[in-house]
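Novice: Test case, fold it:
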Amino acid sequence: MNSPVTPQPQFLSHMSATALAAQPSTASWSNAPTGPLRSATNTPTGSYLMPTTPAKPGTRGGDREAKKPMIRKSTGQKPACLVNASVTYCGNDQIYAFGGFDQFTDEVYNHVLRLDLKSLNWALVDNYGDIPGVRMGHSASLYQGDKLLVYGGENEHREYLSDVVILDLKTHHWTQPEVHGVVPKGRARHAAVVYEDKLFIIGGLTGETNYILDDICYLDLKTWTWSKTWTFVQRFDHTAWVWGGRLWVFGGLGMDMERSSEIWWLDLKGSSASRCGTATGRMGPPLVGQHGRADPFGSHPRTESYTANSTSVHIRSRRGGPTAPGAISTLRFLSGPYVPMQNSGTHFHVCSSGALLDFVSPAATIRHSDCNLSTLELDSMRWQKLVEGPELFGPGYKWHYCTMNEDGTKVWLLGSPTEEGNSNAGGEQQLSEVLSIDLRRYGLLGNDSTPSSEQNRILAAERISSASVGLGQDLAAMFDQPPNTGSMVDFEITAETDGSLLDDDESDMGSLTPVAGSSGLGTPVARPSYSSSSNIPPPIHVHKFILQARWPHFKRLLSSKMLEYQTNKLHIPEPYSVVRAFLYYLYTDDISSNTAYCRDLGDVAGMLVLANLYDMPKLRLLCVNRLSREIDTEHAAVIWERAGRTEEEWLKNRAARFCMMNWGRVVRTDGFRSLSRTSLMELCEVVDTEGRVVGGEELDDGFNISAGYPGANTSGRRRHRDSTTETEDGVDDDDVDMN
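Specialist: Coordinates of the predicted model:
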């Protein structure tokens with residue numbers, strides 16, 4: 001942030017604010033590079049500088065290595081690498097593992113083990129009561145924060161179970177409730193999810209001949225009554241979750257015995273049956289799958305298959321019964337540059353921030369460099385590659401289980417060293433390694449802070465109280481209203497003219513100046529007219545009590561009784577559009593693109609700098625999330641520069657890769673031209689030393705990128721380019737087949 005030279009009357013205010021800002025803070029950030037000094041005449045008369053919090057030395061740069069997920073070794077009674085056990089995060093930094101099959105001893109267990117994530121110690125839990133029998137392929141779901149609901153599974157006699165047992169996590173006492181209604185078929189390797197006091201069960205394997213189930217039912221946890229069973233989707237080893245009033249299913253295997261790339265969802269809010277434990281089913285419309293026929297799976301037996309803990313068996317299809325009440329939709333991803341191939345690598349699926357996370361972890365079927373973390377945004381059905389494999393997974397390890405906390409902000413992978421990475425290879429493998437991944441590091445907000453959008457508000461309306469919505473709308477309507485309108489504003493904030501600030505050596509850039517009205521950061525957007533011939537933007541009218549409640553730095557400033565407190569005016573030396581978007585966020589807690597003042601990504605990149613300077617972690621997370629989701633050619637260079645300024649290394653690397661992939665378009669944008677000479681040189685040096693710019697005609701003539709000479713076969717590249725649709729930002733959209 002640029003630091004202007006202020007007139008003498010403001011000197012005491014600046015010094016007192018600096019001393020005040022030196023008080024301890026819960027967040028740790030660092031200052032952005034300071035720009036060149038400007039004359040005091042640039043500060044509007046009657047306005048005062050709002051100084052920023054000084055950087056705390058070594059708080060971010062010193063722990064740069066800590067940002068990469070670290071693999072830590074556990075201690076205690078470590079379990080073996082059990083097959084089809086349940087691993088569940090149960091709050092309070094505790095992970096519970098139950099059951100499973102030991103492939104070394106050929107035993108099925110009913111042991112309960114607990115991993116303390118603080119000490120990384122495994123302990124065998126003494127449990128009491130109606131202890132369930134041994135099982136594998138069951139489900140374990142956290143309920144009410146202190147109960148573990150275990151359903152189904154397969155016992156040592158390969159019998160499929162349909163019982164429900166409950167482990168009280170406080171007393172470690174098992175109970176088996178008395179259930180009512182028609183008990184569904186016993187099954188294993190199904191999916192289970194708890195939603196609105198209902199335990200939903202989807203799919204799985206059942207029967208002596210291993211039928212793949214296509215049904216869905218639920219257990220009402222208030223009345224302990226089973227619902228009717230309906231037809232939904234035929235899967236086993238899949239993942240299910242509820243978001244936005246819809247039940248989603250992804251992955252797993254169907255009749256073709258290949259890992260599915262389809263996603264299915266059932267509208268729970270549109271179904272009266274899903275809200276009643278004694279509901280009866282009703283026939284819905286024909287279920288249409290990816291092939292456009294009423295029964296996309298059919299009933300043909302297959303002879304090639306593999307189920308855990310058994311030799312080759314027959315897998316059969318069993319379909320019938322009424323279609324699940326509520327709208328059913330399915331979408332299949334055919335191809336695309338960011339669609340993860342489900343048949344390669346070991347995949348773990350969880351849902352956070354309104355997105356499906358697909359961890360493609362190392363396995364024998366995939367190279368380590370091809371592993372990654374990909375996300376599917378459920379509101380736009382768009383795949384993105386968030387993190388490359390080497391940034392997440394170290395070599396020499398295999399991961400067996402994945403679990404996530406209730407907030408959707410952290411993920412833990414449990415695994416063991418491979419033979420190459422284990423110096424003591426040859427013995428029984430154990431779940432000895434723990435990989436902890438903080439999803440907020442990659443711009444994911446968590447389940448409690450999902451950014452609002454038109455689609456999100458429709459899907460997640462049940463989670464938002466009408467009172468909070470009404471209050472937010474009323475406050476937004478009062479933002480920046482002149483005093484004569486009765487808005488009761490009592491404070492004025494001024495900012496710089498958009499595009500008037502220069503970076504360190506931008507004065508040497510000649511005509512490479514930002515576009516007016518775009519914060520110097522990209523595409524111009526509609527801005528309020530400046531009120532004077534001197535091109536000074538008008539003051540922004542705000543309420544002190546809102547800023548004091550929402551902006552810790554402003555609260556400290558007012559409590560010190562400085563000049564800003566006396567005059568009810570201050571000046572922030574940042575572009576007007578960025579300051580206005582920042583203040584609007586204080587009123588609404590929202591920076592989504594559908595808001596009135598946050599439509600431009602350049603303003604969001606500017607707010608990222610303010611979030612860093614003013615120690616506002618939530619705003620920082622919102623900015624990183626949106627910038628990573630919506631990055632485009634017009635703003636990629638500026639996002640890269642602002643991410644580097646705020647030490648957001650992951651976002652900086654992501655923006656750099658985007659620039660390299662779309663270099664020809666990025667260098668022609670106003671955002672690229674607005675960078676300082678130093679930033680331009682640094683961005684150019686991101687290119688590998690052996691890199692080369694190849695023209696389009698040369699590519700069409702058959703230039704081989706890997707070999708570096710003309711004439712090589714590029715038919716594969718042309719086929720890929722012809723088979724996908726290229727968007728305006730230069731990224732190929734994922735091909736999908738939607739019904």
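
Novice: Need the three-state assignment for Thr223.
Specialist: coil (DSSP: H, G, I helix; E, B strand; the rest coil).

Novice: ok, it touching Pro177?
Specialist: No. The pair Thr223 / Pro177 is not scored as a contact, 10.3 Å apart, by C-beta atoms under 8 Å. For glycine as for every other residue, the C-beta is placed from the backbone atoms N, C-alpha and C.

Novice: Find residues that contact each of the two.
Specialist: Here Thr223 and Pro177 have no joint contacts, going by C-beta atoms under 8 Å, 6 or more residues apart in numbering.

Novice: and the residue lying closest to Met478 once chain neighbours are set aside, which of the three is it?
Specialist: Sequence neighbours aside, Ser487 is the residue nearest to Met478 in space, at 5.1 Å (criterion: C-beta to C-beta, 6 or more residues apart in numbering). Using three-state DSSP, the structure places Ser487 in coil.

Novice: May I have the phi/psi pair for Ser487?
Specialist: The phi and psi torsions at Ser487 (degrees, to the nearest 10) take the values phi -80, psi -10.

Novice: Can you tell me how far it is from His400?
Specialist: The gap separating Ser487 from His400 is 59 Å, by C-beta to C-beta, to the nearest Å.

Novice: Settle it for me: which of these two has more neighbours?
Specialist: Using other C-beta atoms under 10 Å as the criterion, Ser487 and His400 rank with His400 on top: 19 against 16.

Novice: Now do the contacts for that one.
Specialist: 81, 414-416, 431.

Novice: Please give me every residue in contact with Ile366.
Specialist: Applying C-beta under 8 Å, 6+ apart, the residues contacting Ile366 are 344-345, 360.

Novice: ok, now how distant is it from Ser344?
Specialist: 4 Å.

Novice: Mutual contacts of the two, please.
Specialist: Counting by C-beta under 8 Å, 6+ apart, the residues touching both Ile366 and Ser344 are Val360.

Novice: can you count the residues close to Gly664?
Specialist: Based on other C-beta under 10 Å, the number of other residues close to Gly664 is 11.

Novice: SS state for it?
Specialist: Taking three-state DSSP, the label given to Gly664 is helix.

Novice: And it, how close does it get to Asp670?
Specialist: In terms of C-beta to C-beta, Gly664 sits 16 Å off from Asp670.

Novice: check contacts around Lys118.
Specialist: Asp93 are the contacts of Lys118 under C-beta under 8 Å, 6+ apart.

Novice: my read is it is in a helix, agree?
Specialist: No. Read with three-state DSSP, Lys118 is coil and lies in no helix.

Novice: how near is it to Ala636?
Specialist: Counting by C-beta to C-beta - Lys118 and Ala636 are separated by 40 Å.

Novice: Please list all residues in contact with the residue nearest to Met478.
Specialist: With C-beta under 8 Å, 6+ apart, Ser487 has these contacts: 478, 481, 541.

Novice: Pull up the gap between it and Thr225, please.
Specialist: Taking C-beta to C-beta, one finds Ser487 at 54 Å from Thr225.

Novice: Tell me which stretches of the stretch 301-450 of the chain form helices.
Specialist: Counting by DSSP state H, counting those that start in this stretch, the stretch 301-450 of the chain has no helices at all.

Novice: can you check the stretch 451-600 of the chain too?
Specialist: 454-459, 466-478, 544-550, 552-559, 563-567, 576-588.

Novice: Same question for the stretch 601-739 of the chain.
Specialist: Using DSSP H, counting those that start in this stretch, helices in the stretch 601-739 of the chain cover 601-613, 617-630, 636-645, 649-661, 663-666, 670-673, 677-684, 696-700, 715-723.

Novice: Dump the contacts of His400 to CSV, plus pLDDT.
Specialist: Conversion of the contacts of His400 to CSV gives the following (pLDDT from 0 to 100):
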residue, pLDDT
Cys81, 87
Leu414, 96
Gly415, 94
Ser416, 93
Leu431, 91
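
Novice: Make TSV out of those and add distance to Tyr338 and neighbour count.
Specialist: Compiled in TSV, the contacts of His400 are given as follows (distance: C-beta to C-beta, whole Å; neighbours: other C-beta atoms under 10 Å):
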residue	distance to Tyr338	neighbour count
Cys81	31	21
Leu414	27	23
Gly415	25	24
Ser416	30	19
Leu431	31	23
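
Novice: Per-residue pLDDT of Val638, please?
Specialist: pLDDT recorded at Val638 is 95.

Novice: ok, it to Val666 distance?
Specialist: The value you get for Val638 to Val666, if C-beta to C-beta is used, is 10 Å.

Novice: The two: who's more crowded?
Specialist: Val638 (28 against 24).

Novice: For that one, give its distance to Asp600.
Specialist: For Val638 relative to Asp600 (C-beta to C-beta), the value is 11 Å.
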